[in-house]
Every structure is written in C-alpha cells, then in structure tokens.
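J.: Please find the sequence and the predicted model below.
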Amino acid sequence: MNTILKSPSFSLSNLPSSFLKFLKTSEIDPVVYTIQNLPRYIRINLFQYNEHSQLQICKELEEQIGTKIWPVKGIDGFFGLDGNCRIVDCKAYKEGKIFGIDLSSGIAVYALDIRPNDHILDLCCAPGAKLCMMSDILGTKGSGTITGVDISRDRASTCRSLLKKYKISRARLFVADGTTFNVPAPTFFEQIMQMISKDDQRKLREHYASTSEEMAKTRSQEKHDELNDKSQRVKPFWAPKILRNDPQISTLYPFYDKVIVDAECTHDGSIVHILKYNKYGWDKFEKNFLNSDRINNLWDLQRNLLKNGWTLLKPGGILVYSTCSLSHKQNEDVIGWFLSHYPNSKLEPIPNINNMTVAPLKKSRYIDVDISNAVRFDPIYSNTSGFFVARIRKLPYDN
Ligand SMILES: C[S@@+](CC[C@H](N)C(=O)[O-])C[C@H]1O[C@@H](n2cnc3c(N)ncnc32)[C@H](O)[C@@H]1O
C-alpha cells in the first residue's frame, strides 16, 4: 500500500492579505510556507518497545508506506519520513506503537528532563501528543504522574481517547482554565520540605508567603481541612483509578516537579496545518486564528498561563514554555517579559540540539534580558515545523 499523498498546489499569492499583514508585523518570512519536502516525524514508544522491536516496527512501516524512514540522529525514538505520507492507516499506528509528533515538539518534551518520580503539569495539554511522549518517558517504574489541563472539553475528549489508545495509566485530565487551575500535584509538600535544610525551609516559606499571596490565601490550613471534604475536590475530567481518588490535600504549596506551558498561539508555525486552509478555505483560517480580539488576548493569555504554571512549580523545578508560532511577540517578548519580572527564574540551554541547526532568535522587546538560551525551529533551518522552546529553572528562592 502506498500512502503518499499529493499536496495541493500552493503559491504565496494564495495566502490571504490579512495573513500576509500578520506575517509582516510579526517579521515572519512567508518563504517558510513554500518549503518543499519537509519531512514528518513519528515517535516509537521506547518504554514499551526495545531496540529489536523498534527495528521491526520500522521495517513493517516502510513496507506499508512504501518509502524509507530514517532514525533522527541523537533524538531517541524519533524517525523521519516523507512529509506526504499518511500514517493513520498503518498497522503500527492503529496498534498504538507509534504516534505522529514533530521533532521540535519532541525537543520541548525532552527539555523537561523527565525523571521517574516527577509530577508533571501540562497546562495546555490537548490534543495530547506531548502528553503521550511524556508518559512514555516517565514510564511506570517510579511514582511520577502527569496532570493535563485544557480549557476545551472537545479537545480534552480527543486527549482522553489518546490516553486510552496508548494505555496511559499515570495521567489525569482536567477541563479547566490553565490560568487559574490550582489542583495540587498528587504528592505532599512535607516530602519536599524533608529534602531541604531547616534554613532553606524557612526561606522557602517566607518566599512563598511574599510571592504567592493569592495562593497562600486560597491554600491556607483551613482550606486544607475543607479540601479534605470530598465535595470540595475538583473532579477530573478523566483519571485512572489510582489518581481518581487523589485527596487533593492542599498542603500550603502544591508543587509540581515539571510544568509545560505549550501555549495557545496563532499556530502560524504549523506549516502543514496552515497549508490545509488552502483546501478548507482561508476565510476559516482568518476566522479561527486571525481575528484581532483573539490575537490581542493571546499575549495576556500566554503570560497568565506562564504565571500560573510558575506558581505551581516546585522550587528547583523546570518550566518549559513553547509555542508553534514564529511571531516574536508570542515567543521572545513573552520570555523577555517573564525573565525580567521573576528574579528567581533562570533560562537554561535546551538539551539534545547539538545535531540540529536552529533558526536565529528574534530581538526581544526586553533588550536588557539575555534570552539566548531559547531556541527557534523553522522549516528553513531545522527541517521541522516552526516552533519556539524556552526552558526556565525556578531557583530555590529569590536571591
Ligand atoms: C498548542 S495547543 C496544545 C497542544 C498540546 N500540548 C499537544 O501537544 O498536543 C494549545 C491548547 O491550549 C488550550 N487552551 C487555550 N486556552 C487555554 C486556557 N486558558 N487554559 C488551558 N488550556 C487552554 C487549547 O484548547 C489547545 O488545546
């Protein structure tokens, strides 16, 4: 079976003027939409399949799609294939052995440096490709869990189907606004406190009392007792048995070890997705993504998602911010703003990119802030979708 599709004919003049205007103000070169032969990527679940089985899966897949697939150097579990191939009809896809995910998204997940005991919060989780990959890396040998949050019930339903398909047993889903979500990680603050010195415990308490007033207000000791009352718990949209009855005990500080904010954005970097509107009609794209209310609110939304993710992150933990936009306002400016407002934040290098060429960063409005550790991917430089990733470490307390 050969599943190579014909791509619809496309030229830059097909793009609507509102989109070209958006590209111009965002300093995005429209040429990215004309790149030919951009590969697509898949990931094989490494936790479930050893090296031998992976090779077997690749061989079967090659036979079905009728074209070569190749391992991506230095990025475990990733394979590239012809960008026009359809994988949904393939046996390995139907059986849940592989899933489609762009390499750039994979880099964002690897930037979380997931360990078996991590409690991970994914504040914009649907449809769930990154969540699937996180679950695969987390495995089931430690005590780690994933908490996925999405504001859209429809998209959360798609995510739930993925969790079922890929038999993910350590993740729970909430339909909620990620800017205000405050369900604690399924773990206890006391455990973290035991790991640090008395002096650090005091500093930490002081730090949180001053920087997370809102949190302290809503998560007081009285609230702790209140939340132990089952009726006060936030009901997950979906959770496996082991997580469904988590008591959501509100220790004063409900930390997660890792947080990913794969923020809602204008999606302009998802080249394949954008080009589909050539077929669906650009008016739909303008309505869905380019109306001015939506764009103006996006910047606030992205900052507020970051703020809340930061509040819920454990000191010493890692927050990854990513978007599939190429617009500097949604990327460099957001990170510049964040680093200039949170003195206990430190931008760290993105791991696993030594074998890749990345696109140059754009200038941030916050010129005094060094954002050089953030990374941009685009079809021209990195042979991937357009994507932005920043990895921020939360220093134990304000210095
Ligand atoms: C870029 S997509 C996330 C993709 C996802 N991380 C993945 O890997 O499949 C952004 C998601 O953010 C969700 N979203 C938008 N506003 C939100 C909010 N205030 N709180 C939580 N999720 C939100 C959207 O419904 C959408 O599913």
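T.: Yep, it's here.
J.: which bits of the stretch 51-200 of the chain sit near the ligand?
T.: The interface of the stretch 51-200 of the chain toward the ligand, taken as Cβ under 6 Å from any ligand atom, is made up of 123-130, 149-152, 155, 177-179. Bear in mind the C-beta positions are built from the backbone N, C-alpha and C, glycine included.
J.: Could you tell me which of the residues you listed belong to strands?
T.: Counted as lying in strands by DSSP state E, out of those, are 149, 150.
J.: to the chain's geometric centre, what's the distance from the longest strand seen in the chain?
T.: Longest strand in the chain by number of residues (criterion: DSSP E): strand 313-323. Strand 313-323 sits 11 Å away from the centroid of its parent chain (Cα atoms, centre = their mean, to the nearest Å).
J.: Quick check: buried residues in the very next helix or strand once past it?
T.: Next along the chain after strand 313-323, taking DSSP states H and E as the criterion, comes helix 332-341. Using 16 or more other Cβ atoms under 10 Å as the test for burial, helix 332-341 gives 332, 333, 334, 335, 336, 337, 338, 339.
J.: Stretch 269-288 now?
T.: Of the residues in stretch 269-288, those with enough neighbours to count as buried (16+ other Cβ under 10 Å) are 269, 270, 271, 274, 275, 277, 278, 282, 285, 286.
J.: The second one: what's its closest spatial neighbour, skipping adjacent residues?
T.: Ranked by Cβ to Cβ, 6 or more residues apart in numbering and with sequence neighbours excluded, the top spatial neighbour of residue 270 is residue 324, at 4.9 Å.
J.: can you give me the helices for the stretch 51-200 of the chain?
T.: 51-65, 91-94, 103-110, 129-138, 153-165, 189-194, 198-211 (DSSP state H, counting those that start in this stretch).
J.: just to revisit the earlier point, now do the longest strand of the chain against helix 103-110, angle only.
T.: Orientation of strand 313-323 against helix 103-110 (axes from the mean of the first three to the mean of the last three Cα atoms, to 10 degrees) gives an angle of 180 degrees.
J.: Which strands or helices does strand 313-323 pack on?
T.: For strand 313-323, the packing partners by 3 or more Cβ pairs under 8 Å, 6 or more residues apart in numbering; DSSP states H and E come out as helix 103-110, strand 256-262, helix 292-311, helix 332-341, strand 387-394.
J.: could you dump those to JSON lines with mean pLDDT?
T.: Output for those, formatted as JSON lines (pLDDT from 0 to 100):
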{"stretch": "helix 103-110", "mean pLDDT": "98"}
{"stretch": "strand 256-262", "mean pLDDT": "97"}
{"stretch": "helix 292-311", "mean pLDDT": "93"}
{"stretch": "helix 332-341", "mean pLDDT": "98"}
{"stretch": "strand 387-394", "mean pLDDT": "98"}
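J.: If any of the residues of the stretch 51-200 of the chain next to the ligand are buried, put those into a PyMOL selection.
T.: The PyMOL command for the buried members of these (criterion: 16+ other Cβ under 10 Å) is given here:
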select buried, resi 123+124+125+126+127+128+129+130+149+150+151+155+178+179
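J.: mind checking how far the residue nearest to residue 121 when sequence neighbours are not counted is from residue 332?
T.: In space, and not counting its chain neighbours, residue 121 is closest to residue 256: 4.1 Å by Cβ to Cβ, 6+ apart. To residue 332, residue 256 is 25 Å away according to Cβ to Cβ, to the nearest Å.
J.: hang on, the earlier thing: ok, how many other residues are close to the residue nearest to residue 121?
T.: Using other Cβ atoms under 10 Å as the criterion, residue 256 is surrounded by 25 other residues.
J.: quick one: it from residue 275, how far?
T.: For residue 256, the distance to residue 275 under the criterion Cβ to Cβ works out to 36 Å.
J.: And for residue 304?
T.: According to Cβ to Cβ, residue 304 and residue 275 sit 31 Å apart.
J.: Over to residue 102?
T.: For residue 102, the distance to residue 275 - Cβ to Cβ - is 14 Å.
J.: now do residue 394
T.: 38 Å.
J.: Please apply the same query to residue 346.
T.: From residue 346 to residue 275 the distance is 38 Å (Cβ to Cβ).
J.: What of residue 85?
T.: In this structure, residue 85 and residue 275 are separated by 16 Å, where distance is defined by Cβ to Cβ.
J.: And residue 342, by the same measure?
T.: Residue 342 sits 37 Å away from residue 275, taking Cβ to Cβ as the criterion.
J.: just residue 12 next, same as before
T.: Taking Cβ to Cβ, one finds residue 12 at 11 Å from residue 275.
J.: Quick one: residues contacting the residue nearest to residue 270.
T.: The contact partners of residue 324, taken as Cβ atoms under 8 Å, 6 or more residues apart in numbering, are 105, 265, 267, 268, 269, 270, 385, 386, 387.
J.: State the helix or strand in which the fourth one lies.
T.: Spelled out, it's residue 268. Secondary-structure element containing residue 268, defined by DSSP H and E: none, the residue being outside all helices and strands.
J.: residues near the closest residue to residue 58 other than its chain neighbours, how many?
T.: Of all residues not flanking residue 58 in the chain, residue 69 sits nearest, at 5.7 Å (Cβ to Cβ, 6+ apart). With neighbours defined by other Cβ under 10 Å, the count for residue 69 comes to 21.
J.: can I assume residue 69 is in contact with residue 80?
T.: Yes. Here residue 69 lies in contact with residue 80, judged by Cβ atoms under 8 Å, at a distance of 6.7 Å.
J.: what is in contact with these two at once?
T.: Residues touching both residue 69 and residue 80 by Cβ under 8 Å, 6+ apart: none at all.
J.: so who does residue 265 touch?
T.: By Cβ under 8 Å, 6+ apart, the contact list for residue 265 reads 298, 302, 323, 324, 325, 327, 330.
J.: Surely residue 340 and residue 370 touch.
T.: No. Applying Cβ under 8 Å, one finds residue 340 not in contact with residue 370, separated by 10.6 Å.
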